[in-house]
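A.B. asks: Next comes the sequence, and after it the predicted model I'd like to discuss.
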Amino acid sequence: MSKEHNIKLGQKAETIAAAFLKEKKIKILNQNYRTPVGEIDIIAKEKDTIIFIEVKARTSVYYGLPQEAVTHRKQKQIIKTAIWYLNEKQLHNQFKLRFDVISILLNNRQIKIEHIKNAFQAELD
C-alpha cells in the first residue's frame, strides 16, 4: 500500500470514528491534535471524563487487527501527548481520563467498528 493510500484510509477512518462518537453522544473536543511530542487522533469528553482516542484502520486482517497496531511504544507517545494537552489546557485533576482505541475494518464496502474503552492505562502523576 502506498503512503498516500494509508493517509486517505486514516482520514476516512477518523471521519467514521468521529461520526460514531457523536452518535453515542460523546463530544469531540479536538481532532488530529498535534504537539512536538506526538499526535492524538481524537480527544473527546463524556460526562466527567476526557478520552484520548487512537483510531486504527485496515482494509484486511492479513497483517492483524487494526487495534494490534497500537503498540506499547505508540501508547507511550499518546500518553506524552495527553500530558501535553492537559498542561496546555490546564485540566489536571479536573476530569477522569481514559485511553480508548477505535478499530475500523473497511473491506468490500463493509465497515466494522470496535470501540475499545480503557484500551490501556497511564499514570500521569
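C.D. replies: Thanks, I have it. Small disclaimer: the values here were computed from a predicted structure and weren't measured. Residues are numbered from 1 along each chain as shown.
A.B. asks: Can you tell me the number of residues neighbouring residue 97?
C.D. replies: Residues within reach of residue 97, counting by other Cβ atoms under 10 Å, total 16. Where you see a C-beta, it was placed from the backbone N, CA and C, and this is true even at glycine.
A.B. asks: Give the closest residue to it in space, chain neighbours not counted.
C.D. replies: Leaving aside its sequence neighbours, residue 97 sits nearest to residue 50 (Cβ to Cβ, 6 or more residues apart in numbering; 5.6 Å).
A.B. asks: now do residue 102
C.D. replies: Leaving aside its sequence neighbours, residue 102 sits nearest to residue 17 (Cβ to Cβ, 6+ apart; 4.4 Å).
A.B. asks: Identify the residues contacting the one you found.
C.D. replies: Contact analysis of residue 17 by Cβ atoms under 8 Å, 6 or more residues apart in numbering lists 41, 42, 53, 55, 102, 104, 113.
A.B. asks: what residue ranges in this protein score low on pLDDT?
C.D. replies: 1, 124-125 (pLDDT under 70).
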